[in-house]
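Novice: Below are the sequence and a predicted model for it; my questions follow.
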Amino acid sequence: MRFIRLLCVLWLSACSVQEFDNARPVNAMESARSRVAIAAEYLQKGEQDKALRHLQRALEQNPRSAEAHNIMGVLMEREGDDRSAEEHYRKALDLREDYPQARNNYGVMLFRLQRYDESVKQLGLAAGNLAYDRREAAYENLGKAWLAAGDKVQAQQAFEKAIRLDSRLPVATLELAYMAFERNDPAVANLYFQRHLKAQAGQPASARSLWLGIELARMRSDHDAQAGYEMSLKRLYPDSPEYRSWQNSQAQDR
């Protein structure tokens, strides 16, 4: 299940993409900030070469720009250069210790690299920063990291904090539904699962979500809902482990 990656786009005054190599000289720090914002916009559009050019120029103008190092870290990850990405994230945090966006990005990368203890540390610091305006995403990421680290108690606490900040988080609500299901609490599992479906409205259901839907519908003898989830699982994810689990359960029921 994917993680939520939040790109720190520095929306300055009317941050439309603009080139200014031939423009009049400006204050170096202001120019660097503008270039970081432009690079972030190019990165969102998938124009990585243009983003790189602006970031390199920004770092020439202001090597101590934590924002430039953070966005460069995101860019290096996309380029598949994890070593350089980590160097830039760490540099951003050396320059500005209280930088939750860089910690969140770094924590997500550490999770992907299966360095779970380090990931938990970075994501915990990001989520605990009261000035961070996307704490719900950091808590959701933290819950995933705790799960991977094998601590379901900490994971549950992180997911619960995430949905208190934003009840429309599909990952947190689905994981809380699974946790309730695993501890044989179908009422709570159904509650969280319905919240997950509402949060996921308009998006394709995952195989993991459909499998849980099948199990919960079976427990409450809702045959129509169960059939609908089974049909979707078969149609959308015939090669998934969840579909194979469903096939096995069908064979056992015969």
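Specialist: Nice, thanks for sending it over. Model, not experiment: these values are computed from the prediction. Numbering: from 1, shown residues only.
Novice: so which strand or helix has Lys234?
Specialist: Secondary structure assignment for Lys234, by DSSP states H and E: helix 223-236.
Novice: buried sites along that helix?
Specialist: Neighbour counts over helix 223-236 (16 or more other CB atoms under 10 Å) mark 226, 229-230, 232-233 as buried. In short, each C-beta sits where N, CA and C put it, glycine included.
Novice: now, which of those residues sits nearest Arg57?
Specialist: Closest approach between the buried residues of helix 223-236 and Arg57, by CB to CB: Ser232, at 48.9 Å.
Novice: any idea of the pLDDT on the closest one?
Specialist: What the model reports for Ser232 is a pLDDT of 95.
Novice: Helix or strand: which one has the nearest residue to it once chain neighbours are set aside?
Specialist: In this structure, Ser232 finds its nearest non-sequential neighbour in Leu210, 5.4 Å apart by CB to CB, 6 or more residues apart in numbering. Following DSSP H and E, one finds Leu210 within helix 207-219.
Novice: now that helix and helix 223-236, what's the angle there?
Specialist: Helix 207-219 and helix 223-236 meet at an angle of 160 degrees, taking axes from the mean of the first three to the mean of the last three CA atoms, to 10 degrees as the criterion.
Novice: for the record, mean pLDDT for helix 207-219?
Specialist: When pLDDT is averaged along helix 207-219, the result is 96.
Novice: what's in contact with that helix?
Specialist: With CB atoms under 8 Å, 6 or more residues apart in numbering as the test, helix 207-219 has contacts from 1, 174, 177-178, 181, 186, 189-190, 193, 196-197, 200, 205, 223, 225-226, 229-230, 232-233, 236-237, 240-243, 245-246.
Novice: What residues sit buried inside that helix?
Specialist: 207-218.
Novice: will you turn these into a markdown table that also has distance to Leu113?
Specialist: What follows is the buried residues of helix 207-219, written out as a markdown table (distance: CB to CB, whole Å):
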| residue | distance to Leu113 |
| --- | --- |
| Ala207 | 24 |
| Arg208 | 22 |
| Ser209 | 26 |
| Leu210 | 29 |
| Trp211 | 27 |
| Leu212 | 28 |
| Gly213 | 32 |
| Ile214 | 33 |
| Glu215 | 32 |
| Leu216 | 34 |
| Ala217 | 37 |
| Arg218 | 38 |
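Novice: and of these, the nearest to Tyr106?
Specialist: Taking CB to CB as the measure, Tyr106 sits nearest to Arg208 out of those, at 26.2 Å.
Novice: how about stretch 239-253: buried residues?
Specialist: Those buried within stretch 239-253 under the rule 16+ other CB under 10 Å are 240, 242-243, 246.
Novice: what about that stretch, average pLDDT?
Specialist: Per-residue pLDDT over stretch 239-253 has a mean of 85.
Novice: Please, where are all the helices along the stretch 1-150 of the chain?
Specialist: Along the stretch 1-150 of the chain, the stretches classed as helices by DSSP state H, counting those that start in this stretch are 28-44, 48-61, 66-78, 82-95, 100-112, 116-127, 135-149.
Novice: Let me have those helices in a markdown table, adding distance to Asp166, mean neighbour count and mean pLDDT as columns.
Specialist: Listed next are the helices of the stretch 1-150 of the chain as a markdown table, based on distance: least, CB to CB, whole Å; neighbours: other CB atoms under 10 Å; pLDDT from 0 to 100:
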| stretch | distance to Asp166 | mean neighbour count | mean pLDDT |
| --- | --- | --- | --- |
| helix 28-44 | 21 | 21 | 93 |
| helix 48-61 | 29 | 19 | 95 |
| helix 66-78 | 22 | 25 | 97 |
| helix 82-95 | 25 | 18 | 98 |
| helix 100-112 | 15 | 25 | 98 |
| helix 116-127 | 12 | 22 | 98 |
| helix 135-149 | 4 | 24 | 97 |
